[in-house]
Structure formats: C-alpha cells, structure tokens
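>>> Just a sequence and a predicted model for now, questions to come.
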Amino acid sequence: MQASKRLTEKVTWVGKVDWELEKFHGDELSTYRGSSYNSYLIRDEKVVLIDTVWLPYDTEFVRNLKDEIDLKEIDYIIIQHAEIDHSGALRELMREIPGTPIYCTNNGRKIIQGHFHEDWNFVTVKTGDTLDIGESTLTFVEAPMLHWPDTMFTYMSGENILFSNDAFGQHYATETLYNDRADTCELYEEAMKYYANILTPFSALVTKKINEVLAMELPLNMICTSHGVIWRDNPAQIVETYLKWANNYQENQITIVYDTMWQSTRLMAEAIAAGIQAEDPDVVVKVYNVAKKDKNDIVTEIFKSKAILAGSATVNNRYLSGMAGLLEMVKGMKFKNKKAAAFGSYGWSGEGNKLLTEDLTVAGFEIVNEGFRTQWVPDEEVLAACQEYGKEFVRSL
Ligand code: FEO
C-alpha cells in the first residue's frame, strides 16, 4: 500500500517508492538507494494523470489510484516517456478506462504500441501544444533524446509546475518527497550518478533544451521529476547544476582504474597515485579496482575527472574483461575534454597497454602519452618509476 501525497490543492503524487530496487536497465545501472516512479494526479475542471509506474507495481498502482479517485473521473492520461518504468501500469489502467485519451508525442505513441501492441486512444502532441484543463493549462515541450526519442515535459500554469519526467531525477527512494527534506549529500550524489550514467551522452541536447525552456520565462514553483525527489526549494538549483554538468564538467580529479590478476597492476596503480599526489597535492586522486567496485560509481568518478589512467594485466593477448566491460560502458558516455593513458603489468606478450590506449582513444579521451608497462612483478625500482610516471602524467595535463 502506497499512500498518495498532496503537493498542492490540485496536484497529488500517486506514484510508487521502490526501496528494494538494486539494479535498473537490466544489470546496467546500480540503484542501491532504491528509486521511485513518480506519477501525478491533477484535479482541475478536468482530471489528468501524468505517467504511471514500473510494470511489476501495476496492480498495486491501479488499486491505490482507485482509493484516491473513481478512475472514470480521469479525463486524460499523459505519458511523457514510454519506457516501462513510467508506462508500465498502462495495460492494467486501460482495462478499467479503455477509451481514455493518452497524450504523448508521436514517438511516444509508436513506442507505447511497440511495448503493448494495443491501439488505445492516442492523442499526439508537439512542442507548444496545450491542453486546457480549467483554471490551469498544460503546455507540452518535446525533449527528444532526454533520454529517449519520445521524451517530453509538461508545464502546468497556475501551479507553475514543470513535470520533467527523467530529467532532474535520481534513483533515490525517499518518503520525504521534497528536496529540502532529503539528505543533501545523498540527493546530489544520486542526481550526479543519474546524470553521469544516463544523460552524459546527450549533454549537448540537455543544454539546448534547458535554454529553450528558460527562454519561455515560465514561473517555476516546483519541478516534479519521475524519479526521486520533487525540487520544491529553489528548483532552479538543479537546472543550473545540469547546465554545469552538461558543459564538459570536470573537477580537479584524476581517477585510476585497474584490473589485476596477481596484484602487480594494483601495485603500479598505487605507486602512480602516490606520484600524482606528490607532484600535485591539490589534485584529488581516486583508485578503483574495476573488478571489485561498482561500474556505475566508477563512471560517475570518471565524469568528475579531468583525466584517467586505465590499467590492466595482459592475458591471452588482450586486457582483462572487467576493464573491457567498463570501457564498453565509457565509450557509450561520449565523454569530452578528458585526458587518459594506460598502464599495466604483463608476462610475455604485453599487448594490454597498446589495446587499452586504442580503446581509450575510441572512447574519446585525449591520450597523454604511450603509458607505462612492466614485466612480471614490479620491484622497488619499477615502483619508483611508476611514481615518476605519475608525476610526469600530472605535469602533462
Ligand atoms: Fe525513468 Fe527513461 O525512464
């Protein structure tokens, strides 16, 4: 049973807080602070439902919604994004109110039909189209590729609410509902992880869309996202933060990620880190074993970094599979304005470094130098050379 929550006289949160969620997008995204699927019920002269919840909670959602309202009173359903965490309860809902119009973009219609194979009563909308619901008007703004082709925002006049769907969201379960009641550190950690792992490839579009919405000069009391908290206290803060994140964001950080078989590459990583820190005490250096740490957290650290060092042992003429998994993820992020180099230990053939360097290039990093490799277990002399390499690396940035 999920209690609904009144946001304003006219708007009620009717979503689902998912405290159990640990993985999202299959196994691609870790969500160890859970998530929520935010759905909103608007009661004006017309009654509107904005988005639903993830498929496994469809019957619970509809049952709870029935406690809130006679479903037959719902005049319009708006689906801002067809991904199954927001459209998942549609089939269950449409069983009850089959003729109710579903407002979505044209791409939204195609994707909903691709998921459900139902010919519901779709009404497709474009940027600038409006829906008069009484005292308030809903204005639609298409936001393609933020982060699917169908995504759109909905602005409610009078209440001055931007329903932003995934944008500005976080995979963050909380019963407190609002940003000003959440733990700020946790909230921003999750907001950044969400941006880094989901929105980074679309940063140019993020900037363009935010500037387009800002140019509309809409008064803004709240941003109602589809995941995590509602931005009620100074909602512009997350808009400004998104503009920073979308603009090739970096902090004074270098991240070292490595994969190791028998600890040699780990020893190198730690020596390189010590060298970097000795050369530049102000730079934040973080070191992660990719086989042991969460890949999405590492992607977030790379997002924050001005440069990375990627290390791996060589095995079977390749580098290790944990690093390969991370780099495959990083390639999709299309990071810009970041530098990199490779390092690692090898036994005989030693191609790992060269292949890592090639893949870092494909991932969009500017390669600082040819990297550093050593045969077998590094001794004190080699570790000292690793430290020197770290110093040289940070000087060359
Ligand atoms: Fe929260 Fe793209 O779905």
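Cool, the structure landed.
>>> okay, CA-based contacts and neighbour counts for the rest of this
Noted.
>>> and Ala291, what is it in contact with?
259, 322-323 (Cα atoms under 8 Å, 6 or more residues apart in numbering).
>>> List the ones among the residues you listed that fall in helices.
322-323 (DSSP state H).
>>> Going through the contacts of Ala291, which ones are buried?
259, 322-323 (16 or more other Cα atoms under 10 Å).
>>> Where does the one residue sitting closest to the centre of the chain sit: helix, strand or coil?
The residue lying closest to the centre of the chain (Cα atoms, centre = their mean) is Tyr194, at 2.6 Å. For Tyr194, the secondary structure call by DSSP: H, G, I helix; E, B strand; the rest coil comes out as helix.
>>> What count of nearby residues applies to the residue nearest to it when sequence neighbours are not counted?
Computed as Cα to Cα, 6 or more residues apart in numbering, the closest residue to Tyr194 that is not its neighbour in sequence is Gln170, at 5.7 Å. By the criterion of other Cα atoms under 10 Å, Gln170 has 26 neighbours.
>>> try the one 4 residues further on
Around Thr174 sit 21 other residues, with neighbours defined as other Cα under 10 Å.
>>> May I see the buried residues of stretch 116-136?
Applying 16+ other Cα under 10 Å to stretch 116-136 flags 120, 122, 125, 130-131, 133, 136 as buried.
>>> Next one, pLDDT for Met1 please.
pLDDT recorded at Met1 is 71.
>>> make that Ser30, sorry
As predicted, Ser30 sits at a pLDDT of 97.
>>> what are the bridge partners for it, then?
Legend: beta-bridge partners of Ser30 under DSSP bridges are Lys23.
>>> For it, which residues are in contact?
Shown in contact with Ser30 (Cα under 8 Å, 6+ apart): 22-24, 294, 296.
>>> go with 10 Å
By Cα atoms under 10 Å, 6 or more residues apart in numbering, the residues touching Ser30 are 21-24, 171, 193-194, 197, 294-297.
>>> Could you turn the buried ones of those residues into a ChimeraX selection?
Remark: buried members of the contacts of Ser30, expressed as a ChimeraX selection using 16+ other Cα under 10 Å:
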select :21,171,193,194,197,295,296,297
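>>> so the residue nearest to the centre of the chain makes contact with Tyr242?
No - with contact defined as Cα atoms under 10 Å, Tyr194 does not count as touching Tyr242 (11.1 Å).
>>> Between those two, which contacts overlap?
167-168.
>>> just the helices in the chain please.
Using DSSP H, helices in the chain cover 58-68, 84-87, 90-96, 106-116, 184-194, 203-215, 236-246, 264-279, 295-304, 321-333, 352-362, 380-395.
>>> Could you dump those helices into TSV and include mean pLDDT and distance to the ligand?
Shown next, in TSV, are these (pLDDT from 0 to 100; distance: least, Cα to the nearest ligand atom, whole Å):
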stretch	mean pLDDT	distance to the ligand
helix 58-68	98	15
helix 84-87	98	6
helix 90-96	98	15
helix 106-116	98	12
helix 184-194	98	10
helix 203-215	96	14
helix 236-246	98	17
helix 264-279	98	36
helix 295-304	98	16
helix 321-333	97	16
helix 352-362	97	26
helix 380-395	98	38
